[in-house]
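Trainee: what's the 3D shape of this:
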Amino acid sequence: MSFNDLQGGGGRSYARAALSGKRTCDDHATLAVYVPIPMPIAFPVLTDDDTSYRQATQRVSQTIFRVNSNVATIQRLVEQLSRTHDAASLRQRLSDLTETTRDLAKTTGSDIKALDVFQKPGSPVAHTRKLEQQKLTKDFQKVLEQFQIAQREAAEKSREFVDRARHSLEQEHAASTEETADEQSSLLTHGQQQQQQQQIQVVDNELEFNDALIAEREQEIREIEQGITELNEVFRDLGTIVNEQQSLLDNIESNVSHVTVHVRNAGEELVTASRYQRQSRKTMCFLLLLLVVIVAIVLLVALS
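Mentor: The predicted model follows:
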């Protein structure tokens with residue numbers, strides 16, 4: 001029978017005929033068909049604790065991925081910032097994304113610490129869960145390090161802009177003062193005086209704008225520095241978690257080693273006890289045999 005016959009349903013009629021002992025038109029021999037019964041798939045039974053733990057670890061993994069993606073975007077924006085002359089929209093996007101990523105980082109740090117609730121010392125899953133939590137912590141630390149580097153680069157770019165703007169502002173102010181003094185030393189017509197006042201007003205407006213811009217950039221620098229300080233606290237918390245995890249893993253490995261040693265010693269003691277038991281059994285048999293021989297000799301002597 002071909003594969004097409006099986007697809008067309010011929011296989012079912014063929015099997016029924018074989019099971020009933022009838023002959024088919026394709027084959028004149030009675031066939032015994034073995035139809036295996038599929039065994040049910042044994043899935044691990046998940047408790048509420050297992051489900052909650054899986055959900056918590058998946059949430060942490062997803063958040064770490066989001067933070068990593070945001071950090072990559074921040075790095076690109078910082079690079080664009082160095083090639084662009086103070087694009088306000090670019091700086092605003094960078095500031096918003098940095099703030100969002102900082103909040104995500106703090107939330108992720110708290111979620112990683114919360115995984116301690118699911119640790120069950122002495123349970124079969126204790127070692128596995130500790131290893132998983134340790135891996136998540138180290139992955140998050142690597143992402144935070146990149147985030148810190150990106151924030152420092154952004155702060156450095158802002159400082160460079162502030163220095164350039166302040167230097168330019170000082171030069172413009174000095175040039176405006178010198179020009180005003182020169183013009184006041186000569187006689188000016190009414191029209192020239194009006195033109196001079198307009199120029200002075202334009203310069204004053206530019207100076208005020210640059211002052212406001214410098215103040216805004218300095219505020220951004222302070223916010224970045226504050227964010228770096230907050231992330232340093234997250235780093236310290238993660239370092240504490242890693243040390244605790246390593247200590248617990250060392251304890252688990254030490255306990256496993258002790259159990260192995262105890263089992264090995266117990267096995268050796270059982271072997272020794274078994275050997276002593278065999279020797280004592282042989283000694284007992286020898287003594288019984290000797291006693292029987294002595295009794296037999298005594299009886300023979302007494303009867304003779």
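Trainee: Now residue 98: closest residue in space, sequence neighbours ignored.
Mentor: residue 74 (6.1 Å; CB to CB, 6 or more residues apart in numbering). For the C-beta atoms, the positions are set from N, CA and C on the backbone; glycine is no exception.
Trainee: how close does the one you found sit to residue 130?
Mentor: 32 Å (CB to CB, to the nearest Å).
Trainee: The residue nearest to residue 98: neighbour count?
Mentor: Neighbour count of residue 74, defined by other CB atoms under 10 Å: 22.
Trainee: So which elements touch the host helix or strand of it?
Mentor: Here residue 74, judged by DSSP states H and E, is contained in helix 48-83. Applying 3 or more CB pairs under 8 Å, 6 or more residues apart in numbering; DSSP states H and E, we find helix 48-83 packed against helix 88-114, helix 126-184.
Trainee: Relative to residue 228, which of the ones you listed is closest?
Mentor: Nearest of the helices and strands packed on helix 48-83 to residue 228, taken as CB to CB: helix 126-184 at 5.5 Å.
Trainee: need the contact list for the residue nearest to residue 98.
Mentor: 94, 97-98, 101, 147, 150-151, 154 (CB atoms under 8 Å, 6 or more residues apart in numbering).
Trainee: The same query, at a cut-off of 10 Å, please.
Mentor: By CB atoms under 10 Å, 6 or more residues apart in numbering, residue 74 lies in contact with 93-94, 97-98, 101, 146-147, 149-151, 153-154.
Trainee: Next one: it, what pLDDT does it get?
Mentor: Among the per-residue scores, residue 74 holds a pLDDT of 90.
Trainee: ok, now residue 45?
Mentor: As predicted, residue 45 sits at a pLDDT of 52.
Trainee: sorry, back to before: possible to save the contacts of residue 74 as JSON lines with pLDDT?
Mentor: Below are the contacts of residue 74 laid out as JSON lines (pLDDT from 0 to 100):
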{"residue": "93", "pLDDT": "88"}
{"residue": "94", "pLDDT": "86"}
{"residue": "97", "pLDDT": "90"}
{"residue": "98", "pLDDT": "88"}
{"residue": "101", "pLDDT": "90"}
{"residue": "146", "pLDDT": "90"}
{"residue": "147", "pLDDT": "89"}
{"residue": "149", "pLDDT": "88"}
{"residue": "150", "pLDDT": "87"}
{"residue": "151", "pLDDT": "85"}
{"residue": "153", "pLDDT": "85"}
{"residue": "154", "pLDDT": "82"}
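Trainee: before we move on, back to that, now do the helix holding residue 74 against helix 88-114, angle only.
Mentor: With axes from the mean of the first three to the mean of the last three CA atoms, to 10 degrees applied, the angle from helix 48-83 to helix 88-114 works out at 150 degrees.
Trainee: Done for today, thanks.
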